[in-house]
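Q: The sequence and its predicted three-dimensional model are supplied below.
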Amino acid sequence: MKKKLVCIGNGMAGMRTIEEILKLEPDMYEISVFGEEPHENYNRILLSPVLAGEKTIDDIILNSAEWYTENNITLYKDEKVIEIDRIHNQIKSEKGTVLEYDRLLIATGSTAFIIPIQGHQLDGVIGFRDIKDVNTMLSAAQTGKNAVVIGGGLLGLEAANGLRKQGMTVTVVHLLDSLMERQLDKSASSLLKCSLEDTGLNFKMEAQTEAILGTDGKVSAVKFKDGSSVDADLVVMAVGIRPNINLAQQAGLQCERGILVDDTLQTYDPKIYSIGECVQHRGQVYGLVAPLFEQAKVCANHLVDLGYSRYEGSVTSTKLKVTGIDLFSAGNFTGTDDSEDIIFQDPSLGVYKKLVIEDNKIIGTVLYGATLDGSWYFQLMRDQTDISAMRDKLLFGQAHLGDSGHGDENHILTMPDDAEVCGCNGVCKGDIVNAIVKKNLFTVDDVRAETKASNSCGSCTALVEQLLASTLGNDYSASPAHKPLCKCTDLTHDEVKDEIVKQKLTSIHAVYEALDWKTPDGCASCRPALNYYLMSTFPDVVEDDSQSRFINERAHGNIQKDGTYSVVPRMWGGVTNPAELRAIADVADKYDVKLVKVTGGQRIDLFGLTKEQLPHIWADLNKAGFVSGHAYGKALRTVKTCVGSDWCRFGTQDSTGMGIKLEKMTWGSWTPHKFKIAVSGCPRNCSEATIKDFGVVAVDSGWELHVGGNGGIKVRVTDLLCKVSTEEEVQEYCGAFMQLYREQAHYLERTAPWIERVGLKYVQEIIVDDAEQRKLLHERFLASQDISQVDPWAELAKKPNSPQFKPLKRIAA
Amino acid sequence: MSQQIAIGTLNDIPQMGATTVETPNGRYAIFRTRNDEVFALRDQCPHKQGPLSQGIVAGHTVTCPLHNWKIDLSSGEAQAPDEGCVNTLPIEAQPDGTLLLTLVD
Ligand SMILES: Cc1cc2nc3c(=O)[nH]c(=O)nc-3n(C[C@H](O)[C@H](O)[C@H](O)COP(=O)(O)OP(=O)(O)OC[C@H]3O[C@@H](n4cnc5c(N)ncnc54)[C@H](O)[C@@H]3O)c2cc1C
Ligand code: HEM
Ligand code: SF4
Ligand code: SF4
Ligand code: FES
C-alpha cells in the first residue's frame, strides 16, 4: 500500500515540494493537500502585476485543477486544517475531515501583519497577501478615491504602485526616513523615492500612525501622532509578515519565530517536515521564493527516502517589480566595520551602483537604474570570488567586456517586445516574458527549455536573467554552489569530481551507480563531462569512451552544417614549407576538397570531406609528415606565433621558436574546453596573445605570461600572470597552468570564466608563488602527455573499413 | 510492399552508438542502445538535416550533433520544445545477432 502524505498549505512552497517528489518518485505516496484559500496554487509573486492591471488571475495559476487530478492528488481547497494530532498521526480540518498521515508537510506560509491600533478592524483595512486582498483592492478602486499604504517596503510600494495604476490617489506612510531600508541604502532609496514621486505617488515619511478613523464601520481616514491626518477609502497594511505557526505550536512542535527545521527540513517530529515562509532554519526566516525552491528540492529528496541532500541556507537578492523602475539589491549593502564601498553615481542618468567589499570579496550590492550586472555581482558574491584583480573594472560590469551580437543593448527594460534577445534562435523579448508568465518559468534553464532563448551560444544569458528578475522580482538561478552538473543528477561538477577521486571510480557506469544517477545512460551533457573527468583523473587506467564524446572528437574533424567534415593538419607554430604545402595541395586535388581556407589560428583547413574519405585523407597526410591539428577538440588547438627576432625589426626574442616548443609540449592534451596559445615577439603583439588562454609576450628582459583571455562571444583580455626570464620557465609555467586548469575547471568552462570564478590571485598563489606546486603540476602535465600524445589520425587511418566511417550496407534499389 | 533485408549483425554497431545504411530511400541511421535494442531512423534531423547517426545516444534518445535537438529513437519525434519528426523503419535483431531491416515502398 502507498504511504500517505498530507500537505497543509496549498501555496508555492508546498506545491513545489510535491512537484519535486513527483519527479523523483511519482508512485510512492498517496497525496492530499489542504488549502485555506478557495483557489488552486497560484504565483503569489505576480499578485502585484495583477493589481497593477498588467496580468489577470488566470495568468498566474501555477497548478490547474487538471494537474491535481492527473497526478492523483486530492485537493481540499477552501478547507483550513485546525488540528494536528501527533499521537494518532492525524489531521483535522474545520469542515470535519480527518485524515491519517505517514508523513506530514507543513507549508502554511505567513500572513500579513496587521498593527493592532485603534480602527484596525474597520471595513477597508487589509493586508496584501492573497487573491482576496487583491479583489478587495480592485473593488475599492472602483468606488473609492483615496488609498493609504502603511509601510514603505517592497510589498507596500508594489501595492501603492498598483493602486495608483487603478486610478486611486495613494499616500505611502513610512515610519523611517528612507524607503525599503532593508534592501536599499540611503542614496538608492532617495533616487527611488524621486522616481516614484514622479509617477504620482505621495509619501509621508517618518510618520507614526496613531489610529484609523471610520464612519459606519468603514474606514475614512488615517490619523498620525503629529496630529495630521489623510483621507482614506482603503488602508493597506504592508508592515511585515508573520509566519503561520499556530497549528504547529498547538501540536507541540518546537517553534521560535518560525517552525524549527534542520538541514533536511525535518521538524522536531521525524514524521513531520515543514517548508516555506513558515519555517525557521539556522535562525533565518525567509520571505522570498528562491530559498523556498531550494528547500523544496532538499525536502523532497528526504521525503522519498533518498536522504543525501542538505539545505544550508540561502543568500537572497531582491528586485522591485514596479514597471519602469530598475533596482537590485543583495547581501549586506550597509557594510561592516571592516568593509569598504565602491560607488558609482550619475544623478542625471539616474544611475547608482554600490558594491560592498570585505576581504577582497563582494558581500553586498545595491544597483539602481542599471541592474544588468546584478546577477553577475550576485554570482561573485555567492562564489566568494577574490575580486582584487578586477577591482578597478568591477563597477563597469561584465558588459564592458562586450558581448558579440548584442552591441551595448543592456537596458532590457526599455527594449520593445519585438526586440530580439537571443540572436541564435531568434527569440524576442515578448516571447520570453509571455513564456515566463504563462508557463510558470522560474530559472534560466526553464526559459531555455521552453523558448530556446540562451540555448545556443549563451551570450544572451544575462539578458534572460534580467527578464526573469524583472518579471518575477527575484533571482531564481539556483545558487551556483549547488548547480547540478546536468539534469541527471543533483550533484555539482565539483562534488562529482570529488567522488570520482574518493571512490576511485573509473568508468562512467561506475559513476552512475555509485552516485545514484537519475538516468540509466546519462545524457549528452553529462557523458562527455564524465568521460573527461575520468580521463583527466586517472589517465593511465581509464579507457576513453568514444560513444561519450561529441562527434567532432570521435571523427577527429569538425562536423559542418551539411554533415561533411573539415580537416586541419597541424603546422607547428604556424610554420610550414613548400614540401608540406605541395602535399596539402595534392591531397586537396585528390579528394576534390571543396574549399581551402586559412584559419584564425594560422592553419590550413580543408572543407567538404565525407566521413568515408576521412581515414584515407588522414593516411595521405600522415605520409607527408602531418599529424592531426585537433582543430575539433576540447584540447590544445594551435599555438599562434609572430616571426619574432629572427626577422622582425622589433622582435626581442625568438617567438616562433618558443611557439614551436610550446606546441610540441602541449599538443594532444585534452582540456575542459578548447585551449589556445599564442606567442608574440614584442609588445606590438602581432599574434594577439592577450586574448588567448595562455599568451606569451616577449620583452627585452624575458617573457610576460598572460592567462585567461578569450576572443569568442565575450571578448576577455588576459590577466598578467607574471614575468619570467627563460624559455624553460615559459614551458614550466605553461604546463603547470594547463594542468591546474585541467584538474580544477568544470568541463566546458573556458579559462576566462574559470579565472573569473576562482580569481586570478588564487591561480597566482599556486603557479607563481609556490615553486613546489608549480613543479608538481608541470610533472603531472608531462606524465599525462606521455599517454595522450598519440596521433588519432594515424590510429584511425589503419581501419578505413570500420563501420564508424562506412555505411554498414548499401541496399540497391 | 515491404521486404526484410539483412544488413549486418548487432556487433557491427557500438553500444550506445550508431552506424548507417544506404537505402533507395536515402541514408538510415541504425542505433544500438546499451540494452542492445536496435532502431532505424532516417539519418536526417528534422531541424536542419543533421546526421543523427553521429549524435550521442542515451536511453531511447539521440542528441543531434549540430544543434542538440533530442530525438526519440522509437517514435522519431523531437523532444519538446522542439517540434518535428523523422521517419523510422522496423528493424529487429535475430537470436544470432543478424539485423533485419524492413524496407517499405
Ligand atoms: C504581493 C506579493 C508580492 C511578492 N513578491 C515577491 C517577489 O517579487 N519575489 C519573491 O521572491 N517573493 C515575493 N513574495 C513572497 C512570496 O510570494 C512568498 O515568499 C511565497 O509565496 C511563500 O510561499 P509559501 O508556500 O511559504 O507560502 P504561501 O504561498 O503563502 O502558501 C501558504 C498557503 O497555505 C495556506 N494555509 C495556511 N494555513 C493553513 C491551514 N491551517 N490549513 C490550510 N491551508 C493553510 C495559505 O492559505 C496559503 O495559501 C511576494 C508576496 C506577496 C504577497
Ligand atoms: C529528547 C529526546 C527525544 C525526543 C524529543 C524524541 C522524539 C521522537 C519523536 C517525536 C518521534 C516520532 C514519534 C512518532 O513517529 O510518532 C520519535 C521516534 C523514535 N525515537 Fe525518539 N526522541 C528522543 C529520544 C530518543 C532516544 C534516546 C531513542 C533511542 C534510544 C529514540 C528512539 C526512537 C525511535 C526508535 C523512534 C521511532 C522511529 C520511527 O518511527 O521510525 N528516541 N522520537
Ligand atoms: S609582435 Fe613584435 S616581434 Fe612579433 S611581428 Fe609583431 S612587431 Fe614583430
Ligand atoms: S565559424 Fe564561428 S563565427 Fe562563423 S558562423 Fe560558424 S560559429 Fe559563427
Ligand atoms: S540539425 Fe539536428 S539539431 Fe539542428
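A: Thanks, I have the structure now. Ligands and ions are numbered 1, 2, ... in the order given.
Q: pretty sure A:D418 is touching A:C428, no?
A: Yes: A:D418 lies in contact with A:C428 (Cβ atoms under 8 Å); the separation is 5.2 Å. Glycine gets a C-beta too; all of them are placed from N, C-alpha and C.
Q: More neighbours: the two, which one.
A: Comparing A:D418 with A:C428 by other Cβ atoms under 10 Å in any protein chain shown, the one with more neighbours is A:C428, at 18 against 9.
Q: what's near enough to touch the more buried one?
A: A:D417, A:D418, A:A419, A:E420, A:V421 (Cβ atoms under 8 Å, 6 or more residues apart in numbering or on different chains).
Q: So the first one, which state does it fall into?
A: In this case it means A:D417. Following DSSP: H, G, I helix; E, B strand; the rest coil, A:D417 is assigned to coil.
Q: Now it. Nearest residue, chain neighbours left out?
A: Distances taken as Cβ to Cβ, 6 or more residues apart in numbering or on different chains place A:G430 nearest to A:D417, at 3.3 Å, with adjacent residues excluded.
Q: Which strands and helices lie in contact with the helix or strand where the one you found lies?
A: Applying DSSP states H and E as the criterion places A:G430 in helix A:429-438. When contacts are defined as 3 or more Cβ pairs under 8 Å, 6 or more residues apart in numbering or on different chains; DSSP states H and E, helix A:429-438 packs onto strand A:420-422, helix A:444-451, helix A:461-472.
Q: Kindly reformat those as TSV containing distance to A:I115.
A: Output for the helices and strands packed on helix A:429-438, formatted as TSV (distance: least, Cβ to Cβ, whole Å):
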stretch	distance to A:I115
strand A:420-422	44
helix A:444-451	38
helix A:461-472	29
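Q: closest to ligand 2 out of those?
A: helix A:444-451 (36.0 Å; Cβ to the nearest ligand atom).
Q: can you tell me if that closest one touches chain B.
A: Yes: for helix A:444-451, a contact with chain B is found by Cβ under 8 Å from any Cβ of the partner chain, at A:A449, A:E450, A:T451.
Q: For the closest residue to A:M738 other than its chain neighbours, grab phi and psi.
A: Nearest non-adjacent residue to A:M738, counting by Cβ to Cβ, 6+ apart: A:F781, 5.9 Å away. Phi and psi for A:F781, reported as degrees, to the nearest 10, are phi -60, psi -50.
Q: next one: the one 10 residues further on
A: With angles defined as degrees, to the nearest 10, A:D791 shows backbone torsions of phi -70, psi 110.
Q: dump the residue contacts of it.
A: Counting by Cβ under 8 Å, 6+ apart, A:D791 has contacts A:N622, A:V627, A:S628, A:G668.
Q: okay, now the first one: neighbour count?
A: In terms of burial, A:N622 registers 16 neighbours under the definition other Cβ under 10 Å.
Q: ok, now the third one?
A: Number of residues near A:S628 (other Cβ under 10 Å) recorded here: 26.
Q: Tell me the spacing between it and A:T108.
A: A:S628 sits 63 Å away from A:T108, going by Cβ to Cβ, to the nearest Å.
Q: domains for chain A, by residue range?
A: Segmentation of chain A into domains, based on automatic domain parsing, reads A:3-110+A:243-303, A:125-239, A:326-401, A:409-475, A:493-549, A:555-628, A:636-788.
Q: Quick check: which element contains A:H706?
A: Per DSSP H and E: strand A:702-707 holds A:H706.
Q: How about that strand and ligand 3, any contact?
A: No: Strand A:702-707 does not reach ligand 3 (Cβ under 6 Å from any ligand atom); its nearest approach is 12.0 Å.
Q: Who are the packing partners of that strand?
A: Checking 3+ Cβ pairs under 8 Å, 6+ apart, strand A:702-707 ends up next to strand A:694-699, strand A:719-724, helix A:727-744.
Q: again, 6 Å this time
A: With contacts defined as 3 or more Cβ pairs under 6 Å, 6 or more residues apart in numbering or on different chains; DSSP states H and E, the secondary structure elements packing on strand A:702-707 are strand A:694-699, strand A:719-724.
Q: Thank you, goodbye.
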